[in-house]
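Novice: 3D model of this:
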Amino acid sequence: MCLIPKNFVQKAFYRWLCLNRKNFTHQPRIVLKRKDFFILQFSGIAQQIKCFISKSGAFEIHAEYQKEYWDIIEEFDVFETRTPDGRYYCRLCLPEYKEQFSSRKELWGKHCFEPLLKWTKENFKESYWLFLLHTKGGSTTALIREEEELAVIKNQKDFLTAFPVLK
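Specialist: From the prediction side, this is the model:
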């Protein structure tokens, strides 16, 4: 049973998740919910990896380290625009990739939720690691890479730490 919130994006995600939960190898769960956004984590995945989804269209996978926002790992942002005939598209997309959808629900599902599912399947694997880098100037980087790159990345001067993606 799924409880449906008032926020359109949360509602659309809940409904989509109810139909697609079985397709996730690591179940998403909401760990923080606010009026304008919510944050997901995934069962069995490093706690540093989070997914931020806002009703304004920001949609990102990012890393946090020691309670600090570290870096965006992947983005699925959508800036919905409605055509005069009532169709929806993302105005961020280049013209050759601008697909139109019959509803906001379909736009968010195809443009954000399905790519999130695909991304998790590609990146939540036993041989993958989350790498955190930090320059002396203060910039931060988060990368998910295969374990075979561990030695190379650890030898970079900006390397801080690494975590296996799967707990």
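
Novice: immediately after the helix or strand of the chain with the lowest mean pLDDT, which helix or strand?
Specialist: The least trusted helix or strand in the chain, going by mean pLDDT, DSSP states H and E, turns out to be helix 150-154, with a mean of 91. Downstream of helix 150-154, the first helix or strand assigned by DSSP states H and E is strand 159-164.

Novice: partners of that next one in the sheet?
Specialist: strand 128-134 (antiparallel) (DSSP bridges).

Novice: What lies in contact with the least confident helix or strand of the chain?
Specialist: Under the criterion C-beta atoms under 8 Å, 6 or more residues apart in numbering, residues W129, F131, L133, L143, R145, F159, A162 lie in contact with helix 150-154. From N, CA and C alone the C-beta is placed, and that goes for glycine too.

Novice: what about the helices in this structure?
Specialist: Secondary structure of the chain, counting by DSSP state H: helices at 8-20, 104-108, 114-123, 150-154.

Novice: Show me what counts as buried in the third one.
Specialist: This points to helix 114-123. P115, L116, L117, W119, T120, N123 (16 or more other C-beta atoms under 10 Å).

Novice: Now the least confident helix or strand of the chain - C-alpha only, CSV.
Specialist: Listed next in CSV are the C-alpha coordinates belonging to helix 150-154 (Å, rounded to 0.1, in the frame of the first residue of the first chain):
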residue,chain,number,x,y,z
LEU,A,150,41.0,2.0,-6.9
ALA,A,151,44.8,2.1,-6.9
VAL,A,152,45.0,4.8,-9.6
ILE,A,153,42.5,7.1,-7.9
LYS,A,154,44.0,6.5,-4.4
